[in-house]
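> here you go, sequence then predicted model.
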Amino acid sequence: MIKHHPTAQILRDFVTGELPDSLSLIVSSHVEMCEQCQAEVMRLTELAATDSFGSEEVIADELIENQVNAVLHGNDDDIHADFDMSLIDMITADEQLANIDATEDHSPQLVKVADTEFELPRALNQVVRKDWLNLGKISRARLDFEDGDHHTSLLHIDKEGAVPCHTHKGFEITLLLEGSFEDEMGEYHKGDFIWLDGEHTHQPFTKEGCVCLTVSSDALYFTKGVSQLFNPIGKFIY
């Protein structure tokens, strides 16, 4: 069961197109996995459409009134001329979600890393994935997705693996695609959306192994042991 979700403000910004591309990508991937957030995005989309164009009943009344006025004035050329084409083009949120471009491949893609096979979110189907880099039980594949200083990656941690204790110079968003992990703040499962920043210090550990989609705005800062030796070059490896 998914317990961790984007905030209400993040979902509103997602619907209105105000998120940076990398954040929109990871939020879209979560929404694909989460029925609760799908319903909320649907509701927010309908509200945004109503705010922009009015209710469907008002739109229908306006279209009919315009057409009747054009007919009464006897000018056939004006029957469509006075229509607000944005009203005609407006479709409901249900139709927007259903009207997927048939020319694109939206079938699930399976990816295998180590002994783990997982389904890639459809939002990532058209994003180029670089080769996996391996460091012990941790593997990372950077996504070729330009968005300023934001880095977007797939992260795999093998069974009984851990990321050294660290905090964050910027923010780090993690979407759990497969498996589970735990840290000092709790347990996380498939579909969970976790946003951390410099106020959080943790050491993620996984018993069964996990795959995550991550977006980072700056380097990790390791806080314990020999991993602290990586801090001077942290900006090159986040």
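Cool, got the structure.

> buried residues, stretch 168-184. List them.
168-179, 181-183 (16 or more other CB atoms under 10 Å). (Each C-beta comes from the backbone N, C-alpha and C, glycine too.)

> nearest to residue 191, of the residues you listed?
Taking CB to CB as the measure, residue 191 sits nearest to residue 176 out of the buried residues of stretch 168-184, at 6.5 Å.

> which residue packs closest to the closest one, ignoring adjacent ones?
residue 192 (4.8 Å; CB to CB, 6 or more residues apart in numbering).

> over to residue 218?
Per CB to CB, 6+ apart, closest to residue 218 is residue 170, 3.0 Å.

> from the buried residues of stretch 168-184, which land in strands?
With strands defined by DSSP state E, the entries of the buried residues of stretch 168-184 inside them are 168, 172-179, 181-183.

> was I right to think residue 219 contacts residue 166?
No. With contact defined as CB atoms under 8 Å, residue 219 does not reach residue 166; the gap is 9.4 Å.

> can you give me every residue that contacts the residue nearest to residue 218?
By CB atoms under 8 Å, 6 or more residues apart in numbering, the contact set of residue 170 is 149, 197-198, 216-219.

> closest one to residue 137 out of these, please.
Distances from residue 137 to these, taken as CB to CB, are shortest for residue 216 (19.5 Å).

> surely that closest one and residue 174 touch.
No. Applying CB under 8 Å as the test, residue 216 and residue 174 come out as separate, 9.4 Å apart.

> quick check, pLDDT for the closest residue to residue 108 other than its chain neighbours.
Once flanking residues are discounted, residue 108 sits nearest to residue 119: 4.9 Å by CB to CB, 6+ apart. The model reports residue 119 with a pLDDT of 92.

> can you check residue 73 too?
In this model, residue 73 carries a pLDDT of 57.

> residue ranges with poor pLDDT in this structure?
Residue ranges of the chain with pLDDT under 70: 53-106, 226-231, 233-238.

> got the domain ranges for it?
Domain assignment for the chain by the TED database gives 8-99, 109-236.

> what does stretch 183-202 contact?
Stretch 183-202 is contacted by residues 1-7, 26-27, 30, 33-34, 165-182, 203-205, 223 when judged by CB under 8 Å, 6+ apart.

> list the helices and strands the lengthiest helix in the chain packs on?
When the chain is scanned for its longest helix (criterion: DSSP state H), the result is helix 35-53. Other helices and strands packing on helix 35-53, by 3 or more CB pairs under 8 Å, 6 or more residues apart in numbering; DSSP states H and E, are helix 8-15, helix 21-33, helix 93-98.

> farthest pair in the ones in strands among the buried residues of stretch 168-184?
The distance between the two most remote of those (CB to CB) is 22.9 Å, for 168 and 178.

> mind listing what the closest residue to residue 14 other than its chain neighbours touches?
Nearest residue to residue 14, sequence neighbours excluded (CB to CB, 6+ apart): residue 27, at 4.8 Å. Residue 27 is in contact with 6, 10-11, 14, 19, 193, counting by CB under 8 Å, 6+ apart.

> same deal with residue 120?
Contact analysis of residue 120 by CB under 8 Å, 6+ apart lists 108-111, 177.

> need the winner for burial among the helices and strands packed on helix 35-53.
Sort those by mean neighbour count, taking mean count of other CB atoms under 10 Å, and helix 21-33 sits at the top with a mean of 20.
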